[in-house]
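1. Provided below are the primary sequence and the corresponding predicted coordinates.
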Amino acid sequence: MSVDYRKKFKVIGSEKDVSDYIELVTLPDECPVCSHSISPNYILIYYKESWINEVLCGCPRNDCRSLFFAVYQKSDYNQKYKLKKYYPYSKREKGFPDEINDVSSEFIKIYNQAYHAEQSGLNLICGGAYRKALEYLIKDFISVLHPDETEKIKAMPLQRCVQKFIEQVEIKDMAERAIWLGNDETHYIRKWDSKDIKDLKNLIDLTVYYISMSIKAKKYREEMSI
């Protein structure tokens with residue numbers, strides 16, 4: 001038996017707001033398609049299930065004008081509907097300095113696949129992918145510094161690579177801490193309970209920054225030696 005969707009949605013009148021129809025905790029403030037901050041146009045409410053409602057929204061930007069659903073859910077009768085996710089979602093990619101691309105293009109590919117997984121709500125698996133990206137970044141960077149040791153570096157545990165081959169204090173400190181949090185994402189028991197994916201990404205960003213600065217500094221020292 002087909003679903004009679006006409007009984008499950010209500011068009012939002014032009015003189016009314018979404019709050020006139022349903023009590024929501026958080027209203028959409030970003031378009032998931034163009035990623036701009038917006039105050040969307042509300043078009044209709046789809047009463048999907050007892051605990052789930054979806055609001056069809058329109059991006060007001062002329063450059064976008066996309067339609068998207070904001071999905072709301074509550075866990076009991078006394079709760080208001082809370083924003084859970086948007087769809088469709090245009091996956092964004094994170095950009096990196098040219099120096100990082102030259103050292104490890106694979107790091108960038110793996111990082112952005114992890115980033116796409118995170119944007120899709122796959123928060124239980126994206127941490128392991130960020131950890132893999134970090135390993136490519138560090139080992140590729142160390143291999144540039146020590147080309148004769150490349151095969152040894154490939155087989156060596158990541159923590160040991162950092163301790164043995166990286167002398168720059170800033171890179172070593174941030175890389176080691178990123179490894180600690182990355183390992184937490186792949187192990188059954190977490191050591192750093194107060195830290196999460198956001199902290200791991202911040203430490204990877206800092207590692208990227210210091211590696212990039214190190215490469216730039218080396219370049220200018222070589223070009224302007226006296």
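-> Nice, I can see it.
2. Keeping just the C-alphas, turn stretch 40-56 into CSV.
-> Extracted C-alpha coordinates of stretch 40-56, given in CSV (Å, rounded to 0.1, in the frame of the first residue of the first chain):
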residue,chain,number,x,y,z
PRO,A,40,16.3,30.1,4.9
ASN,A,41,12.9,30.3,3.4
TYR,A,42,10.6,27.7,5.0
ILE,A,43,8.4,25.9,2.5
LEU,A,44,6.7,22.9,4.1
ILE,A,45,6.9,20.5,7.1
TYR,A,46,6.9,16.8,6.5
TYR,A,47,5.6,14.9,9.5
LYS,A,48,7.6,11.7,8.8
GLU,A,49,7.1,9.9,12.0
SER,A,50,6.0,10.5,15.6
TRP,A,51,9.5,11.5,16.6
ILE,A,52,10.9,12.9,13.3
ASN,A,53,9.8,15.9,11.3
GLU,A,54,11.6,17.3,8.3
VAL,A,55,11.4,21.0,7.2
LEU,A,56,11.9,21.7,3.5
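3. Please work out which residues outside it touch it.
-> 5, 8-12, 17-18, 21-22, 24, 28, 31, 57-60, 67-75, 81 (CB atoms under 8 Å, 6 or more residues apart in numbering). The C-beta positions use only the backbone N, C-alpha and C, and glycine is treated the same way.
4. which of the residues in that stretch are buried?
-> 40, 42, 45, 48, 53, 54, 55, 56 (16 or more other CB atoms under 10 Å).
5. what's the single longest helix in this protein?
-> Secondary structure of the chain per DSSP state H: the longest helix is helix 197-223.
6. residues contacting the one residue sitting closest to the centre of the chain?
-> Centroid-nearest residue in the chain, with CA atoms, centre = their mean: residue 115, separated by 3.9 Å. Taking CB under 8 Å, 6+ apart, we find residue 115 in contact with 91, 92, 93, 94, 126.
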